[in-house]
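**Q** after the sequence you'll find the predicted model.
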Amino acid sequence: KPNPSFISDTPLYGREKEAEQLKAQLETVRQEHNLVTLINGDPGIGKTFFIEKTLIDIMDKQDIFLRGKCDQVEIRPYGVFIHIFENMIKFIEHDQDRSANWKKILTTGLYPTASVLTDFMPAFEKLLGTQKQESLILDAENESARFLNTMLKLFKCFTKDNTLILFLDDFQWIDGASIKIIKSLLTYIPNHLFILGAFRDKEIKKNRSFSEWLDALNHANDSFVYHINLTPFSEHDVYTQVQYLFNQMPIIGLQKDAIKKQVEQLLPCTNQDITALSDILFEKTEGNPFYVKQLLNFYMDQQLVYMDTNQHKWVWEHDKIKTLISDDLANILTQQMGDLPQKTQEALQVAAIIGNSFDTILLSIIFDKNEGSLIKQWLWYALSKGLIIELEQDDKSTKYKFLHDKVQQACLNQHDEKKNRLYAKIAKKLFNNNRDTHDLSILGVMVSTMNKSLNMLTEKEKENLVLLNKRYADLLLKNMAYEPAYI
């Protein structure tokens, strides 16, 4: 299931009809045949929250949920599947009752080409062990066929006795190589496969591969492809959201008895007047739930909405809020970034270049810190502001993700010269620590950042970059990603 600790407790109001549709579609996949459901909506409309909140209530023990996110900043070959495979490995490692059985299923199901998978993503050695390299040398066509066949065998291991739900977030930024895998999955896996894609209709023309595939899907059998369109909240839904948010706000500076009294009185005290504030928020946000929450937090930071400790109720500066002109989402996020400590801002800027998710190990390498604890201190300020979310941690590392793509974009809004210096810094640090890597994910970040900072590299570093590009292209060709390999 989606991890409940990463999902807000906010009720799923305003989406009841769509939730019933998704429930019926999952049942169709369980009982009949594969489905593709495409969830469309503007940024911040709540597509990811809708999918995960709905699924967590309707999935059973035979359902497996794996999520991958396409990256807006850098569309890398197989990027979404690298995320899916990372979650697949975690799922098996954390499934203590069946972990050994899963490893046996994979070892048997992938024979004799398991080395193709461990070559593509070395982390699979945690499940499959070190694989013997095949001595057989194939031409490009047969090499690609073997790669694709191995991918299909991997996913068949999960659909034989289970319903596999693949959630592809920010689908509009998917790369062409990943689309080829999805097409093959839908063709060759007979049943128990449910592909959910959340995308933004207004941005699909920026990605030709996705646009063409979406057109093909729209002309497919109606029983195979479904569309769910998430529209902005109604005025009533915004009112309900604001009412809920007020009811969940932490009360700072009140004694226990006062808190108890405030909690008891909050809802009846605010019901009468909250409509005026929710009307303003609806007008400014056009019903976008992410923007509503960010705007309300912004007003609290500016002391335009605050707790009156004498009256034990929330109050707001109606006239000031109504006339405020600097409260569009971009300005709010930029100001929030500017209020963070300098080291936190620098860490977030580097993290935004790496991708939507990032960990303290990679940041420690880039900032020359031996331990991730200092990086965690820097990131705590962003975590406390709700700009990033902690995904998981172990003895070696902590992994985070940005709250939303708009937050990641705000971290990248800097002058080109400064951005180029960051690219160069990231490239050089990663190269010094991973110069011999064949890991497609790490190599992709290295090549991308070095290519973008070409004018800041020494002649020797440029020579190394030529070799890295060659190594990266060879790996892409081997794994069927022809277009980016030749680019």
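**A** That came through fine.
**Q** next structured bit after the helix or strand where Glu141 lies?
**A** Using DSSP states H and E, Glu141 sits within helix 140-159. From helix 140-159 onward toward the C-terminus, using DSSP H and E, the following helix or strand is strand 163-169.
**Q** run through who's touching that next one.
**A** For strand 163-169, contacts defined as C-beta atoms under 8 Å, 6 or more residues apart in numbering pick out 26, 29-30, 47-48, 51-52, 55, 59, 62-70, 80, 84, 155, 158, 174, 182, 192-198. No exception for glycine: its C-beta is placed from N, CA and C like everyone else's.
**Q** next, the angle from the following helix or strand past that strand to helix 140-159.
**A** Sequence-wise, the next helix or strand downstream of strand 163-169 (DSSP H and E) is helix 176-188. On the basis of axes from the mean of the first three to the mean of the last three C-alpha atoms, to 10 degrees, helix 176-188 is oriented at 60 degrees to helix 140-159.
**Q** what does stretch 117-133 contact?
**A** 78, 82, 85-86, 89, 92-93, 102-103, 106-107, 110, 114-115, 147, 150, 154, 438-441, 478-479.
**Q** quote the end-to-end distance of that stretch.
**A** 11 Å (C-alpha to C-alpha, to the nearest Å).
**Q** buried ones in that stretch, by neighbour count?
**A** By neighbour count on 16 or more other C-beta atoms under 10 Å, the buried set for stretch 117-133 is 117-124, 127, 131.
**Q** strands along the protein, start to end?
**A** With DSSP state E applied, the chain shows strands at 35-40, 63-69, 163-169, 193-199, 225-229, 305-308, 313-316, 357-359, 388-393, 398-402, listed in chain order.
**Q** now the fifth one - C-alpha only, PDB.
**A** Meaning strand 225-229. Extracted C-alpha coordinates of strand 225-229, given in PDB (Å, rounded to 0.1, in the frame of the first residue of the first chain):
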ATOM      1  CA  VAL A 225      -8.400   3.100 -21.000                       C
ATOM      2  CA  TYR A 226     -10.200   5.400 -18.500                       C
ATOM      3  CA  HIS A 227      -9.900   9.100 -17.800                       C
ATOM      4  CA  ILE A 228     -10.500  10.900 -14.500                       C
ATOM      5  CA  ASN A 229     -10.400  14.700 -14.600                       C
END
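**Q** ok, it: who's next to it in the sheet?
**A** Strands that pair with strand 225-229, judged by DSSP bridges, come out as strand 35-40 (parallel).
**Q** with just CA atoms, put the strand it pairs with into CSV.
**A** The C-alpha trace of strand 35-40 is given here as CSV (Å, rounded to 0.1, in the frame of the first residue of the first chain):
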residue,chain,number,x,y,z
LEU,A,35,-6.5,-1.2,-17.3
VAL,A,36,-4.8,2.2,-17.8
THR,A,37,-6.4,5.1,-15.9
LEU,A,38,-5.2,8.6,-16.6
ILE,A,39,-5.8,11.2,-14.0
ASN,A,40,-5.6,14.8,-15.3
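**Q** of the contacts of strand 163-169, grab the buried ones for PyMOL.
**A** Those of the contacts of strand 163-169 that count as buried under 16+ other C-beta under 10 Å are selected in PyMOL with:
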select buried, resi 26+29+47+48+51+52+55+59+63+64+65+66+67+68+69+70+80+84+155+158+174+182+192+193+194+195+196+197+198
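**Q** let's have the strands of the chain in CSV, adding distance to Gly338.
**A** Shown next, in CSV, are the strands of the chain (distance: least, C-beta to C-beta, whole Å):
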stretch, distance to Gly338
strand 35-40, 33
strand 63-69, 27
strand 163-169, 28
strand 193-199, 30
strand 225-229, 36
strand 305-308, 21
strand 313-316, 24
strand 357-359, 21
strand 388-393, 16
strand 398-402, 17
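**Q** nearest to Glu143, out of these?
**A** Glu143 lies closest, by C-beta to C-beta, to one member of the strands of the chain: strand 63-69, at 24.1 Å.
**Q** hmm, who's touching that closest one?
**A** Contact with strand 63-69 is made by 1-2, 26, 30, 55, 59, 79-84, 87-88, 91, 158, 162-170, 356-357, as judged by C-beta under 8 Å, 6+ apart.
**Q** could you flag which of these are buried?
**A** Buried among these by 16+ other C-beta under 10 Å: 1-2, 26, 55, 59, 79-84, 87-88, 158, 163-170, 356-357.
**Q** mind listing what the closest residue to Phe50 other than its chain neighbours touches?
**A** Of all residues not flanking Phe50 in the chain, Arg15 sits nearest, at 5.4 Å (C-beta to C-beta, 6 or more residues apart in numbering). Applying C-beta under 8 Å, 6+ apart, we find Arg15 in contact with 46, 50, 54, 230.
**Q** can you tell me which of these is nearest Ser453?
**A** Proximity of these to Ser453, judged by C-beta to C-beta, is greatest for Gly46, which lies at 36.6 Å.
**Q** isn't that closest one up against Tyr291?
**A** No: using C-beta atoms under 8 Å, Gly46 is not in contact with Tyr291; the gap is 10.7 Å.
**Q** how about stretch 438-446: buried residues?
**A** 439-441, 443-446.
**Q** ok, those vs Thr323, which is closest?
**A** Nearest to Thr323 among these, with distances taken as C-beta to C-beta, is Val445, at 45.0 Å.
**Q** helices of the stretch 351-487 of the chain, residue ranges please.
**A** 360-366, 372-384, 405-412, 416-434, 440-452, 459-478, 482-486 (DSSP state H, counting those that start in this stretch).
**Q** ranking those helices by mean pLDDT, which is last?
**A** With a mean of 58, helix 482-486 has the lowest mean pLDDT of the helices of the stretch 351-487 of the chain.
**Q** so what's the nearest residue to Ala351 once chain neighbours are set aside up against?
**A** Nearest residue to Ala351, sequence neighbours excluded (C-beta to C-beta, 6+ apart): Phe358, at 4.3 Å. When contacts are counted by C-beta under 8 Å, 6+ apart, Phe358 is found next to 351, 399-401.
**Q** just Thr37 next, same as before
**A** Under the criterion of C-beta under 8 Å, 6+ apart, the neighbours of Thr37 are 22, 25, 194-197, 225-228.
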